[in-house]
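Enquirer: sequence first, predicted coordinates after that:
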Amino acid sequence: MKQRRLKIIAASTILLVAMVFLVLAMTTKTSVLHFTPAELVANAEVNDQQNLQVDGVIAEGSSTWDAANFKLTFAVQDRESNETVNVIYENRLKPDNFSDGGSVFVEGKYDATNNMIVATKLTTKCASKYEGAESTSSEKSSS
């Protein structure tokens, strides 16, 4: 009876350790550092060739779309300063609501020498849609 109990405890311990190891391994692989353009430029050398995420606004007049080659280039500008980071987004379609001045989240590998992100993921959001929802909820809460 004791021997069976010891086997169950040993097997449970091994399974628990394996699960903890897998969770930690997957967390470190999928975690991505998050920056504003100003923070990224300030720490450019440290973050060179790192996978990371940057969010800001699409700088006015910076975007070009080459539909024949599915290549979108633009600059992400910091919301509080004029600091920008250039972005290349290739071999994917341009998001429908992509426009200068819009909010954008970019994920990819950073090249500090060229101050550029080669994007693997691009997410935009419609600012007016969210601003309307925020003002409606704040009006209700102040009543």
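Expert: Thanks, I have it. Residues are numbered from 1 along each chain as shown.
Enquirer: could you verify that residue 48 is part of a strand?
Expert: No. Assigned with DSSP: H, G, I helix; E, B strand; the rest coil, residue 48 falls outside any strand and is coil.
Enquirer: hmm, it is touching residue 115, no?
Expert: No. Assessed by C-beta atoms under 8 Å, residue 48 is found out of contact with residue 115, at 10.4 Å. (Glycine included, C-beta is placed from N, CA and C.)
Enquirer: now do the SS call for residue 7.
Expert: Strictly by three-state DSSP, residue 7 counts as helix.
Enquirer: tell me which of residue 48 and residue 115 has more neighbours.
Expert: More neighbours surround residue 115 than the other of residue 48 and residue 115, with 16 against 12 (other C-beta atoms under 10 Å).
Enquirer: ok, that one - contacts?
Expert: Residue 115 makes contact with 41, 44, 84, 85, 86, according to C-beta atoms under 8 Å, 6 or more residues apart in numbering.
Enquirer: what do you get for residue 43?
Expert: Neighbour list for residue 43: residue 35 [criterion: C-beta under 8 Å, 6+ apart].
Enquirer: try residue 77
Expert: 37, 56, 57, 58, 59, 62, 83, 84.
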